[in-house]
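Asks: Sequence plus predicted model, see below.
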Amino acid sequence: MPDVQHANLTGAELHEPKGVAGASVNTLYVANGSGSGTWQKVTATQIDATTVNNLNKIVLNVHHDNLSTASSRFVVSPIAGTIIAIYSVIDTSIATADTVLSFEIGGVAVTNGNITIAYSGSAAGDVDSSTPTGNNTVSAGQAIEIISNGGTTTSNAHAHISIVIDVS
């Protein structure tokens, strides 16, 4: 029998990892750092949040189809969390006056959540944002209200709004 080095095995000569026959479905082998390990589901504490981008964040997207009329739009958060950022982008330049978007949860204004879309120098693709600091916690199934003051006179001015929620 030829002397075959384990490191040189390929294809059908390879075997399943040690202990796989007794491992539960949807588990991984997790090393313990001492030359051994166990088959298990990965827990939240085992995830390195410094190397995984946007861990536990969702984005709700809303289309506001007429910034020139004072009105509200609503979006439901499917899960509980904290609003950490809000962005808007416009489809066209706006005229006459700034449009202010404000945000409420259960009738209470989101602190530092307002976005001012400036008409001076505005152009399609302009992005504005806010970073809420209070009254920004939403429950699963709760509505978030987006309120436009109707400042611009540009009819058919649209905004796309993205609300970033941290669900950790």
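Replies: Looks like it arrived, so ask away.
Asks: buried residues in stretch 88-103?
Replies: Neighbour counts over stretch 88-103 (16 or more other C-beta atoms under 10 Å) mark S88, V89, I90, D91, T92, S93, I94, A97, T99, L101, S102, F103 as buried. Glycine gets a C-beta too; all of them are placed from N, C-alpha and C.
Asks: domain parsing for this structure?
Replies: 6-46, 57-166 (automatic domain parsing).
Asks: For those, which has the smallest mean pLDDT value?
Replies: Looking at the domains of the chain, the lowest mean pLDDT belongs to domain 6-46 (a mean of 82).
Asks: quick one, longest strand in the protein?
Replies: When the chain is parsed with DSSP state E, its longest strand is strand 81-90.
Asks: Neighbouring strands of it in the sheet, and parallel or not?
Replies: strand 127-130 (antiparallel), strand 137-138 (antiparallel), strand 159-166 (antiparallel) (DSSP bridges).
Asks: Output those in CSV; the columns should cover mean neighbour count and distance to Q5.
Replies: Listed next are the strands paired with strand 81-90 as CSV, based on neighbours: other C-beta atoms under 10 Å; distance: least, C-beta to C-beta, whole Å:
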stretch, mean neighbour count, distance to Q5
strand 127-130, 16, 58
strand 137-138, 19, 59
strand 159-166, 20, 50
